[in-house]
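Enquirer: Please find the sequence and the predicted model below.
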Amino acid sequence: MSTIFSKIIAGEIPADIVYQDELVTAFRDINPQAPTHILIVPNKEIATVNDLAAEDEQVAGRLLLVAKKLAAQEGIAEDGYRLMINCNQHGGQEVFHVHLHLLGGRPLGPMLMRR
Ligand code: AMP
């Protein structure tokens, strides 16, 4: 079964794609939680961080480097931003295709919801 993100990567459903290369695709989150909210996604379908394999080292590194590039492009590098990957139920993961959230453009508050 193809994930919704695979369909975006393949161009089968629309998204605001801001970057694409042979390893990753980045597009704006449909329900942004901050002025900049971009998802950076491996082109290869990997369900969760738990499923990353040694052979995925290059794509895992690319996620971070593209986040850095897009933060600069969005003009949020200097003020700062947050990078986040949710994993499984306790992490609050909703789409089972690994994605790195790039969030910024306002102070983001504490890292976790207070209990
Ligand atoms: P997570 O909870 O980490 O799995 O995050 C999934 C994210 O994907 C949420 O922030 C959603 O708003 C976002 N999302 C779901 N469907 C789409 C879509 N079609 N285009 C862009 N972002 C989406």
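Expert: In hand now; what should we look at?
Enquirer: residues in contact with the longest helix seen in the chain?
Expert: What stands out as the longest helix in the chain, according to DSSP state H, is helix 57-74. Under the contact criterion CB atoms under 8 Å, 6 or more residues apart in numbering, helix 57-74 has outside partners 18-19, 21, 23-24, 26, 36, 38, 40, 42-44, 46, 52, 77, 81, 83, 98, 100, 102, 104-105. All C-beta spots, glycine's among them, are computed from the backbone N, C-alpha and C.
Enquirer: What parts of the protein come near the ligand?
Expert: 4, 15, 27, 29-31, 39, 86, 92-95 (CB under 6 Å from any ligand atom).
Enquirer: now with 8 Å?
Expert: 4-5, 8, 13, 15-16, 27-33, 37, 39, 84-86, 91-96, 99, 101 (CB under 8 Å from any ligand atom).
Enquirer: quick revisit: ok, of the contacts of helix 57-74, which come out buried?
Expert: Listed as buried from the contacts of helix 57-74 are 18, 23-24, 26, 36, 38, 40, 42-43, 46, 81, 98, 100, 102, 104; burial here means 16 or more other CB atoms under 10 Å.
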